[in-house]
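A.B. asks: please find the sequence and the predicted model below.
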Amino acid sequence: MARRLEWLVREADKRGMVVMVGIFSPRKDQQLEGEQAVRRAIQETADFLETRGLRNVFIDIAHEYDHTERMDLEIFREPGGAQKKAQMTGWFKERSKGIEVGVCPYEKSPTTDSYPGMDVRIIQKSMAIPKRGFVVNVETQKRDAYENDGVFSEGGRDEVLADCLRFRNAPNAGMFFHAAYLQGIRNFSGTAPHAELGGMGTSPSDRGVRFYFEWVREQAGVWVYPRHQRP
């Protein structure tokens with residue numbers, strides 16, 4: 001796993017890209033035996049990135065923090081979320097001070113998207129874009145279903161592109177496009193996740209996310225290292 005991650009980060013670096021490294025996610029924290037295991041995982045991740053010189057990354061320590069149905073360990077749950085997030089960030093910073101860190105809240109939780117010591121303000125899905133801080137939506141609201149990946153209603157495609165426009169117009173924010181077609185495992189199609197663009201997503205015979213990439217090319221420009229070439 002470490003070799004694969006290093007290869008990915010280095011290949012991204014060659015292309016002027018930054019990688020988000022997530023440490024904990026829902027349904028996986030049950031495998032950890034308490035707070036010391038959490039600290040060890042955080043610090044071993046920091047040690048690995050630091051000693052290997054992998055700096056084109058930022059960290060999502062705990063994705064969907066305070067997910068009331070999927071997160072079990074107390075350190076990943078409210079109450080006291082701000083203090084717990086700051087503590088985990090401190091553990092990471094003990095080993096690597098130069099890598100940016102944040103924690104992504106669960107959209108439906110009252111937990112905040114900011115806390116003391118945070119470098120990156122991480123949000124997800126349909127959360128509002130905060131006006132302060134450097135904001136990254138690391139999981140936009142998917143508009144295709146795992147049961148029919150790569151197929152979008154006309155309204156669904158419009159919602160995706162409205163989200164794109166929302167982030168393009170925000171001077172302090174970026175987003176990671178989320179779709180079952182790209183990130184689901186097998187899904188209804190039996191072939192996900194897909195690395196290719198596919199079709200325009202209008203029907204089962206036209207599965208894909210090409211409409212998103214065409215919008216990016218037309219509205220944000222073509223990526224030519226080290227920056228977008230504006231249209």
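C.D. replies: Received, thanks. Numbers count the residues shown, from 1 in each chain.

A.B. asks: only C-alpha atoms from now on, for both contacts and neighbour counts.
C.D. replies: Noted.

A.B. asks: what about the helices in the protein?
C.D. replies: According to DSSP state H, the chain carries its helices in the segments 2-14, 35-51, 81-95, 154-168, 180-183, 210-219.

A.B. asks: can I get those in JSON lines with distance to Val57 and mean pLDDT?
C.D. replies: As requested, those are exported to JSON lines (distance: least, C-alpha to C-alpha, whole Å; pLDDT from 0 to 100):
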{"stretch": "helix 2-14", "distance to Val57": "8", "mean pLDDT": "95"}
{"stretch": "helix 35-51", "distance to Val57": "9", "mean pLDDT": "96"}
{"stretch": "helix 81-95", "distance to Val57": "13", "mean pLDDT": "98"}
{"stretch": "helix 154-168", "distance to Val57": "20", "mean pLDDT": "96"}
{"stretch": "helix 180-183", "distance to Val57": "20", "mean pLDDT": "95"}
{"stretch": "helix 210-219", "distance to Val57": "22", "mean pLDDT": "95"}
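
A.B. asks: need those in JSON lines with distance to Asn137 and mean neighbour count, can you?
C.D. replies: Converted to JSON lines, the helices of the chain look like this (distance: least, C-alpha to C-alpha, whole Å; neighbours: other C-alpha atoms under 10 Å):
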{"stretch": "helix 2-14", "distance to Asn137": "19", "mean neighbour count": "13"}
{"stretch": "helix 35-51", "distance to Asn137": "22", "mean neighbour count": "16"}
{"stretch": "helix 81-95", "distance to Asn137": "18", "mean neighbour count": "19"}
{"stretch": "helix 154-168", "distance to Asn137": "9", "mean neighbour count": "16"}
{"stretch": "helix 180-183", "distance to Asn137": "15", "mean neighbour count": "23"}
{"stretch": "helix 210-219", "distance to Asn137": "16", "mean neighbour count": "15"}
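
A.B. asks: would you list those in JSON lines and tack on distance to Val21?
C.D. replies: Formatted as JSON lines, the helices of the chain follow (distance: least, C-alpha to C-alpha, whole Å):
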{"stretch": "helix 2-14", "distance to Val21": "9"}
{"stretch": "helix 35-51", "distance to Val21": "9"}
{"stretch": "helix 81-95", "distance to Val21": "13"}
{"stretch": "helix 154-168", "distance to Val21": "21"}
{"stretch": "helix 180-183", "distance to Val21": "15"}
{"stretch": "helix 210-219", "distance to Val21": "23"}
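
A.B. asks: out of those, nearest to Ala192?
C.D. replies: Closest approach to Ala192 among these (C-alpha to C-alpha): helix 180-183, 6.0 Å.
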